[in-house]
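J.: how would this look folded up:
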Amino acid sequence: MQHVPMPNMMMMSGAPDSNNYLDVRNETHFQDQGTVRIDHNFSNGDTLFGRYSIGQENGFSPSSGMTSTSENFPGFGANFDNRSQQAVISWNHIFAANKVNTVSIAASRLSMDRSSQNDAVNDFVGQLGIQGVGFGGQNAWGAPWFAAQGYTGIGDTFAATPMHAWDTMYEIRDSYAWEKGRHGIKFGGDFHWYTWPMWGFFQNRGFYQYTNGYTTESGFNDGSGSGFASLLLSLPAVKQRQAGIPQMNLRNWGGDAFVEDSWKVTSTTTLNLGVRYEYASPLYDKNNTNSNLIFQNGVPSVFVGGQNGYPRGLMYANQHNFAPRLGIAKNLPNHGLVLHASYGIFFTPVDLNTWCNQRHNVPYVFPETQQADNFTPPAALFNTGMNFGTPVLGTGTLPATAVSFTAFDPHSPAQYVQQWNASVQKSLGVNTSVEVGYIGSRGFHLQRAHLINNTLPGPGPLGPRRPFKTLSFVPGTALPPGSTAAVIQSTTFPVSTINLLENSAQSWYDAGYINVRRRYSHGLSFLANYTFSKSLTNAPDFRSAMDESSIPQNNNDLALEKGLGCDVRQRFTLSAVYAIPAYRRAEFTRLLTQNWTFSTIYQIQSGMPFTISVFGDTANSGTVLGENPVRANYTGQPVFGPGTHTAQEWFNPLAFSAPAPYTFGNTGRNTVYGPGQQTLDFAIARSFAINEGARLQVRIEALNGLNKVNLGTPNRFVNTPQFGTITMAMTPGREIQLSARLSF
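T.: A predicted model of the protein is given here:
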């Protein structure tokens with residue numbers, strides 16, 4: 001407790017004891033970028049282009065938490081050191097006046113390092129005497145993560161710290177353009193090779209979640225109790241660890257091919273037809289084999305990639321990814337109108353972290369989750385506290401370790417989006433036009449998390465109530481070596497959570513927009529856009545859920561997950577550039593005021609929705625690391641009323657309540673909107689002619705120039721004292737940059 005700072009803020013009169021500490025540490029961020037470019041024109045009209053770019057960033061982040069609900073205290077920050085490199089060579093060859101070929105070769109690499117400020121400095125695990133955690137030795141020292149209900153978490157982040165990853169992409173592209181009569185034909189393709197080595201520590205120091213449940217007066221969700229008291233008693237409702245050091249060396253390759261025809265049917269009508277084919281091999285590990293699940297008659301079994309006829313990359317490749325595109329444009333010159341319409345299918349790349357998940361499975365590492373009834377601690381917890389035992393795989397003489405398991409469907413269909421749009425463009429004079437349009441899209445076979453081994457709400461231990469008590473490796477499996485010392489008893493082992501990533505989700509997006517454009521004339525150009533839209537999904541985005549749990553509340557009724565997605569209902573953007581006229585009253589004033597340019601970008605948008613949730617699995621049906629899927633109940637009171645829409649009370653907290661123990665809440669996903677955003681960026685630049693071939697531009701920029709405070713997302717956990725308050729800003733304060741550019 002000596003690492004918890006004392007409060008440094010006064011609380012509002014009558015407010016609960018919360019939001020009483022202001023973190024005043026500085027974040028450091030250093031960036032360096034450099035680019036070398038060479039262009040050469042040959043006498044036959046060919047051109048050669050080459051470029052190399054490198055970017056380096058490093059610094060210190062005071063908060064090692066991964067989300068706004070896992071902010072951190074002083075002493076538990078993170079250091080980062082990242083480098084990106086890109087290189088490309090492109091050759092443009094002219095075969096004839098109407099035939100041009102472009103070929104390019106490119107390579108890119110991203111190296112990322114992240115470490116805790118406690119690595120090799122403070123061995124908190126050893127100091128606390130916790131058994132069964134602390135893998136990785138001195139360079140992975142640090143503190144476990146302690147998450148107490150209603151309090152800021154404390155400890156070193158449990159996700160990917162320390163971590164080192166470096167991925168590389170090699171690519172070759174070729175395209176051929178041929179103008180033949182009324183047809184503009186283009187075809188080509190590309191081939192890429194991808195490598196992704198990585199090692200990282202996940203929960204190696206342990207993760208402990210403490211709720212109010214064990215210290216309530218009645219043993220139910222009665223509003224009493226303290227998560228902090230549960231912490232002091234060493235009674236976590238959830239404790240997790242990964243025994244071992246996940247590391248991988250992934251590889252894949254892929255290729256695309258396309259053909260398109262821009263056909264000028266008449267002088268006023270153009271039809272664009274095309275089709276694209278895409279293929280990507282599943283990622284496989286060069287050095288170590290991963291494991292996944294296969295289902296037979298609804299029963300899961302574990303297979304090891306490359307064994308017993310199963311794919312090395314854990315899934316079967318999709319080989320029918322044909323994506324047609326169609327577009328039409330009609331010009332009505334007598335009316336000053338242009339009509340546009342188009343339709344296309346776009347395949348979305350599989351999130352490569354899907355394969356990264358498989359490094360967290362037995363026998364390579366032992367991901368152990370011990371989750372108890374949220375209100376009644378098991379007797380064993382009083383003996384074990386925060387400790388874990390020796391990893392034991394499989395049932396036998398010794399008590400077997402119950403592990404969690406992550407998986408994805410080996411026969412996953414390809415994720416894709418259908419998109420269409422239509423617009424009418426009208427000219428307003430020579431330089432200005434207005435466009436009114438509609439955009440729609442539907443996503444199919446999108447990825448979602450499905451916890452297939454969760455139970456229905458109810459009291460008592462979770463294990464006996466789970467649908468699958470054990471998992472078994474398929475017959476004939478040769479277990480690959482693990483990354484930690486473990487006892488191997490058999491190939492059938494007890495299982496807790498099973499997180500199955502399924503390509504079964506959908507999305508819906510519809511938007512209407514108005515654009516007003518002015519081409520550069522009399523020193524002024526601008527583009528203004530207003531968009532009104534609605535976004536729906538029937539599952540959270542597992543990888544980048546916004547302000548909601550990334551897993552369903554009720555895994556037995558996924559239909560209840562349909563709700564608003566990343567729904568920014570209204571958005572207006574204006575970008576403008578104005579060449580300030582010189583004041584030519586005298587030669588002195590002309591020299592002083594010429595060659596000045598003013599540019600600005602103004603954005604305003606409505607807020608994004610978030611989900612009102614409960615901290616802790618009060619339904620006692622099962623969860624995964626750091627997730628709180630149980631939603632609150634709606635009481636019927638107005639969500640917004642007098643005194644709301646402030647940082648102290650964004651919404652009416654009495655509009656929601658915690659559901660009864662062992663039940664789910666009745667609110668939907670993303671039913672309350674957070675604060676909107678408004679920013680104004682502007683820049684003033686002056687150009688100086690040095691000589692005939694060289695110019696110097698000096699530029700000063702102000703980002704968020706008005707220093708507008710854009711509030712972040714309110715605390716959304718109904719059973720915490722901070723519920724409904726806002727303690728974070730969504731955007732940084734004013735930033736001023738000064739730059740110079742020399743062109744010669």
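J.: any low-confidence regions in this protein?
T.: For the chain, the stretches flagged by pLDDT under 70 are 1, 10-18, 64-71, 543-545.
J.: Could you find the closest non-adjacent residue to Lys469?
T.: Pro494 (6.4 Å; CB to CB, 6 or more residues apart in numbering). From N, CA and C alone the C-beta is placed, and that goes for glycine too.
J.: got a list of what the one you found touches?
T.: Thr395, Ala400, Thr401, Ala402, Val403, Gly463, Lys469, Thr470 (CB atoms under 8 Å, 6 or more residues apart in numbering).
J.: Can you tell me how far Val630 is from Ala619?
T.: To Ala619, Val630 is 5 Å away according to CB to CB, to the nearest Å.
J.: Touching both of the two, which residues are there?
T.: Gln553, Pro659, Phe664.
J.: What segments of the stretch 301-450 of the chain are helices?
T.: For the stretch 301-450 of the chain, helices defined by DSSP state H, counting those that start in this stretch occupy the ranges 353-356, 379-384.
J.: and these, which is most packed in?
T.: Neighbour counts (mean count of other CB atoms under 10 Å) averaged over each of those peak at helix 353-356, with a mean of 19.
J.: Show me what that one is packed up against.
T.: Applying 3 or more CB pairs under 8 Å, 6 or more residues apart in numbering; DSSP states H and E, we find helix 353-356 packed against strand 247-266.
J.: let's see 10 Å
T.: Applying 3 or more CB pairs under 10 Å, 6 or more residues apart in numbering; DSSP states H and E, we find helix 353-356 packed against strand 183-200, strand 247-266, strand 403-408, strand 492-521.
J.: Ok, which of those comes nearest Ala78?
T.: In terms of CB to CB, the element of these nearest to Ala78 is strand 183-200, at 12.7 Å.
J.: Enumerate the beta-bridge partners assigned to Trp166.
T.: Taking DSSP bridges as the rule, Trp166 bridges to Ser111.
J.: residues in contact with the closest residue to His360 other than its chain neighbours?
T.: Of all residues not flanking His360 in the chain, Pro367 sits nearest, at 5.1 Å (CB to CB, 6+ apart). Residues in contact with Pro367 (CB atoms under 10 Å, 6 or more residues apart in numbering) are 202-203, 240-244, 246, 360-361, 401, 403-406, 496-497, 625.
J.: most packed of the helices and strands packed on helix 353-356?
T.: strand 403-408 (a mean of 24).
J.: so how far is that one off the chain centroid?
T.: 21 Å (CA atoms, centre = their mean, to the nearest Å).
J.: So which of the contacts of Pro494 sit within strands?
T.: Among the contacts of Pro494, the members falling in strands (DSSP state E) are Val403, Thr470.
J.: Would you format the contacts of Pro494 as TSV with distance to Asn26 included?
T.: Formatted as TSV, the contacts of Pro494 follow (distance: CB to CB, whole Å):
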residue	distance to Asn26
Thr395	53
Ala400	48
Thr401	43
Ala402	44
Val403	41
Gly463	47
Lys469	51
Thr470	51
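J.: Could I get the contacting residues of Cys356?
T.: Here Cys356 is in contact with Ala160, Ala165, Trp196, Met198, Gly200, Phe202, Pro246, Met248, Leu250, Leu283, Asn290, Thr406 (CB under 10 Å, 6+ apart).
J.: right, and the helices and strands packed on helix 353-356 - which one's nearest Tyr176?
T.: Among the helices and strands packed on helix 353-356, strand 183-200 sits nearest to Tyr176 (CB to CB), with 5.8 Å.
J.: and the closest one, which strands flank it?
T.: strand 163-180 (antiparallel), strand 247-266 (antiparallel).
J.: Format the ones you listed as TSV; extra columns: distance to Val424.
T.: Formatted as TSV, those follow (distance: least, CB to CB, whole Å):
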stretch	distance to Val424
strand 163-180	29
strand 247-266	19
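J.: wait, which of the ones you listed is closest to Glu217?
T.: Per CB to CB, nearest to Glu217 of those: strand 163-180, 43.2 Å.
J.: okay but His360 is in contact with Phe202, surely?
T.: Yes - contact criterion CB atoms under 10 Å: His360 and Phe202 qualify, at 6.5 Å.
J.: Overlap in contacts, the two.
T.: Joint contacts of His360 and Phe202 (CB under 10 Å, 6+ apart) are Gln242, Gly244, Pro246, Pro367, Leu625.
J.: Ends of stretch 729-739, what's the gap?
T.: 27 Å (CA to CA, to the nearest Å).
J.: For stretch 594-609, which residues meet the burial criterion?
T.: Gln594, Thr597, Ser599, Thr600, Tyr602, Ile604, Gln605, Ser606, Gly607, Met608, Pro609 (16 or more other CB atoms under 10 Å).
J.: same question, stretch 538-557
T.: 538-542, 545-555.
J.: Tell me if Pro461 really is in a helix.
T.: No - assessed with DSSP: H, G, I helix; E, B strand; the rest coil, Pro461 is coil; it does not lie in a helix.
J.: Can you give me the separation between Arg631 and Ser613?
T.: Arg631 is 6 Å from Ser613, by CB to CB.
J.: Then Thr455?
T.: 19 Å.
J.: Which one's more surrounded, the two?
T.: Ser613 (26 against 20; other CB atoms under 10 Å).
J.: I'd guessed that one sits against Ser549; true?
T.: Yes - counting by CB under 10 Å, Ser613 touches Ser549, with 6.4 Å between them.
J.: Overlap in contacts, the two.
T.: With CB under 10 Å, 6+ apart as the test, Ser613 and Ser549 both reach Glu627, Asn628, Pro629, Val630, Arg631, Arg669.
J.: Rebuild those as TSV, extending it with neighbour count and secondary structure.
T.: As requested, the shared contacts of Ser613 and Ser549 are arranged in TSV below (neighbours: other CB atoms under 10 Å; DSSP: H, G, I helix; E, B strand; the rest coil):
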residue	neighbour count	secondary structure
Glu627	18	coil
Asn628	25	coil
Pro629	27	coil
Val630	27	coil
Arg631	27	strand
Arg669	25	coil
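J.: can those go into TSV with extra columns for distance to Phe258?
T.: Below are the shared contacts of Ser613 and Ser549 laid out as TSV (distance: CB to CB, whole Å):
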residue	distance to Phe258
Glu627	40
Asn628	44
Pro629	42
Val630	47
Arg631	44
Arg669	37
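J.: From one end of stretch 139-151 to the other, what's the distance?
T.: 29 Å.
J.: does the residue nearest to His360 have beta-bridge partners, and which?
T.: Gln242.
J.: Including distance to Gln127, could the contacts of Cys356 go into CSV?
T.: As requested, those are exported to CSV (distance: CB to CB, whole Å):
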residue, distance to Gln127
Ala160, 23
Ala165, 30
Trp196, 36
Met198, 29
Gly200, 24
Phe202, 22
Pro246, 25
Met248, 31
Leu250, 36
Leu283, 39
Asn290, 35
Thr406, 32
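J.: Which of these sits closest to Pro642?
T.: Ala160 (44.6 Å).
J.: name the element the closest one belongs to?
T.: Assigning secondary structure by DSSP states H and E places Ala160 outside every helix and strand.
J.: roughly how far apart are the residue lying closest to it once chain neighbours are set aside and Thr161?
T.: In this structure, Ala160 finds its nearest non-sequential neighbour in Gly200, 4.4 Å apart by CB to CB, 6+ apart. With distances taken as CB to CB, Gly200 is found 8 Å from Thr161.
J.: Give me the common contacts of those two.
T.: Between them, Gly200 and Thr161 share the contacting residues Arg114, Ala140, judged by CB under 10 Å, 6+ apart.
J.: Does Tyr21 belong to a helix, a strand or coil?
T.: From three-state DSSP, the assignment for Tyr21 is coil.
J.: Next, the nearest residue to it once chain neighbours are set aside: secondary structure please.
T.: In this structure, Tyr21 finds its nearest non-sequential neighbour in Pro7, 5.4 Å apart by CB to CB, 6+ apart. Per three-state DSSP, the secondary structure class of Pro7 is coil.
J.: Touching, Pro7 and Leu22? I think so.
T.: Yes - at 9.2 Å, Pro7 counts as touching Leu22 under the criterion of CB under 10 Å.
J.: These two: who's more crowded?
T.: Pro7 (12 against 9).
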